[in-house]
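Colleague: sequence? don't have it. structure:
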């Protein structure tokens, strides 16, 4: 049990729609990162938030956006969904002075039809 | 751009045998991670390697890091069926932002 909760577990959307995925971390976890894992591939870094500010972004278009809230929860928003957005989305959180430990949630599996 | 390569991509082993998974990365990093992923599940942290020559062991798994060669290995000793999973290495490129390898799908055959 990592203490990182993601919702929903599964989601089906159609092309062009918008989606919001949620992640709830443990108290004191000020850093949250989001990853996209396509089927059969390794996770790819989308972006990271630290104390509610974006703290680095991977090679993803602006239609991927995020928010982090003071209560240690965060969101990943994807606009104008494309078929290739179908993937497992993982969030990972780290505490302050966390000695390089990241805790991954169970993920949200998004299917775009 | 940091690139992380693992080999082999697929590995089928008999129970009781030993084998090694290799992870090469292209630019300097201060730490390397190994994760396990079961089908349809999230990532389970196995090891964090922080320095050149670091070696960590847990049960039948042992990981090592050679920062000069930009190489990490995950050695499996006397494999058992429960070790069947996909294993990823991941390299830190700053403040826990990770670049993952392609993964090695390990199948242990009785």
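Modeller: Right, received. Where do you want to start? If you're wondering where the values come from, they're calculated on a predicted model, not measured in any experiment.
Colleague: and the residue of chain B found nearest chain A, how far from residue A:73?
Modeller: Taking CB to the nearest CB as the measure, chain B has residue B:100 as its residue closest to chain A, at 3.5 Å. (Glycine included, C-beta is placed from N, CA and C.) For residue B:100, the distance to residue A:73 (CB to CB, to the nearest Å) stands at 24 Å.
Colleague: looking at those two, which one has more neighbours?
Modeller: Counting neighbours by other CB atoms under 10 Å in any protein chain shown for residue B:100 and for residue A:73 shows that residue B:100 has the greater number, 21 against 15.
Colleague: for the more buried one, which non-adjacent residue is spatially closest?
Modeller: residue A:42 (3.5 Å; CB to CB, 6 or more residues apart in numbering or on different chains).
Colleague: not counting its neighbours along the chain, what's nearest residue 80?
Modeller: Just going to use chain A. Residue A:80 sits nearest to residue A:63 (CB to CB, 6+ apart), 5.3 Å away.
Colleague: could you do chain B instead?
Modeller: Counting by CB to CB, 6+ apart, the residue nearest residue B:80 is residue B:15, at 6.0 Å.
Colleague: mind listing the strands for chain B?
Modeller: All strands of chain B, identified by DSSP state E, fall at B:4-7, B:10-14, B:19-25, B:32-37, B:43-49, B:55-58, B:61-66, B:71-76, B:85-92, B:98-100, B:104-109.
Colleague: quick check: closest non-adjacent residue to residue 110.
Modeller: In the absence of a named chain, chain A is used. residue A:11 (5.0 Å).
Colleague: nope, chain B
Modeller: The shortest distance from residue B:110 to any non-neighbouring residue, by CB to CB, 6+ apart, is to residue B:15 (5.6 Å).
Colleague: contacting residues for that neighbour?
Modeller: B:79-81, B:108-110 (CB atoms under 8 Å, 6 or more residues apart in numbering or on different chains).
Colleague: spell out which parts of chain A neighbour chain B.
Modeller: Chain A comes close to chain B at residues A:2, A:31, A:33, A:35, A:40-45, A:48, A:50, A:55-56, A:58, A:90, A:92, A:94, A:98, A:100-107, A:109, as judged by CB under 8 Å from any CB of the partner chain.
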